[in-house]
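Build me a model:
(one chain, ligands or ions: 1)
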Amino acid sequence: MNRLADRFSRKIDYLRISITDHCNLHCSYCAPFGGRMKLTHTEILSYEEICRLTKAAVEAGISKVRITGGEPLMRKGVVELCHLLSGIEGLESLTLTTNGVRLQEFAQQLYDAGVQRVNVSLDTLRPERFRKITGYDLLSQVLAGISMAEEVGLHPVKINTVVMRGINDVEIEDFARLTVERPYHVRFIELMPFNGFGDHESLFVPVEEIVKRVKRLGDLSLEPIDESSGPARLCSLPGAKGKVGFIAPLSYHFCGSCNRLRLTADGKLRTCLFSEEEIDIKGSLRAGVSIDELADIFRLAATKKPHSHRLKYTEVEKTLGRDMQAIGG
Ligand code: SAM
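Numbers count the residues shown, from 1 in each chain. Here you go, the predicted structure:
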């Protein structure tokens, strides 16, 4: 197994692959310009190309892949793609991030295709608020999707909740309570400033405040740091079946343990979520270079990873180039 490291001796073994920029929800903080599909059929990487790049990434030292978007379950043939990816020798973990709208329909097929776990993004448990945040009346589908994921064995189901002041912060306790009865990992995420998202400061809720609110439900026992929890610090409430996690990209950035690269749907390698630097790996791929040469491009991307990002919630200087939907979260 090859090992990939960056200039700061961080092990880089995780690749997030965005397979579409199209989404069936239009969350105001994620796709502020409406979230319509912008990439054309020829711009977007084909499944064959994604598989070739994944083989090269594995050759370079990547062992974990997460499929994301846009909404990955909106792209036709996603199950076949997962099947192909999970068969790549050396790839140890295949996971997927979804808004859950089509998860009820897809959970079993994804599991059968070799997907090990799913993260479901869900910011509210209230139907009316769901419609306001996402533009659609689809909360019941998402909840059914989460139950189905649990039923078919995509364990643990992780629920990602972006906390926004005055929008869904009153539900912090409700989300945390979910983990008492169900074996879910509910992970609260600090809102990040992305393109065109002007209200960031007034909506931002720092992680300390989120932790305080969860502590109202009982003492939190902190779990030891575990590689599979990624940037989340996990805790559990007394007697809970599931866990609560906190992800604080702004208050306490976790750059020191960052292990990831990102591949955008149009074939650019991004070295950091918050950096605008991209490497056009699609150009080389379509020029017909070998797998070894593509693996070298992954190695080059790793060397270009910045030491850390410079965003702090107290002094957000600017918002970032592409919106989240285009990068893949
Ligand atoms: N459609 C899929 C989903 O909903 O999970 C995958 C793509 S979505 C861009 C990935 C994640 O990014 C979601 O959990 C979403 O909440 C998160 N996200 C988008 N914009 C964000 C922002 N400004 N701050 C924090 N998280 C954000």
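
Give me the spatial nearest neighbour of the closest residue to the ligand within the stretch 151-300 of the chain, chain neighbours excluded.
In the stretch 151-300 of the chain, no residue comes nearer to the ligand than residue 192, which is 3.6 Å away by Cβ to the nearest ligand atom. To be clear about C-beta, it is placed using only N, CA and C from the backbone, and glycine gets the same treatment. Closest residue to residue 192 apart from its sequence neighbours, by Cβ to Cβ, 6 or more residues apart in numbering: residue 249 at 5.7 Å.

helices and strands of the protein: which one bottoms out on pLDDT?
Least confident helix or strand of the chain, by mean pLDDT, DSSP states H and E, is helix 324-327 with a mean of 63.

mind showing which ranges of the stretch 151-300 of the chain have poor pLDDT?
For the stretch 151-300 of the chain, the stretches with pLDDT under 70 are 195-198, 224-229.

Okay, helices next: where are they in it?
If DSSP state H, counting those that start in this stretch is used as the criterion, the helices of the stretch 151-300 of the chain fall at 172-181, 200-203, 207-215, 281-286, 291-303.

The stretch 1-150 of the chain too?
Secondary structure of the stretch 1-150 of the chain (DSSP H, counting those that start in this stretch): helices at 47-60, 78-86, 103-112, 127-134, 139-152.

quick one: the shortest one to helix 139-152, angle?
To tie it back to what came earlier, the one meant is helix 127-134. If you take axes from the mean of the first three to the mean of the last three Cα atoms, to 10 degrees, helix 127-134 sits at 90 degrees to helix 139-152.

Enumerate the residues of the protein near the ligand.
23, 29-30, 68-69, 71, 97-99, 121, 160, 162, 189, 191-192, 194, 324-325, 328-329 (Cβ under 6 Å from any ligand atom).

Only the buried residues of stretch 204-224, if you could.
The neighbour-count check on stretch 204-224 (16 or more other Cβ atoms under 10 Å) flags 204, 205, 206, 207, 210, 211, 213, 214, 217, 220 as buried.

Is residue 232 in contact with residue 247, as I believe?
Yes. Residue 232 is in contact with residue 247 according to Cβ atoms under 8 Å; the separation is 5.0 Å.

So between these two, which is more surrounded?
Counted by other Cβ atoms under 10 Å, residue 232 and residue 247 do not tie: residue 232 has more neighbours, with 24 against 21.
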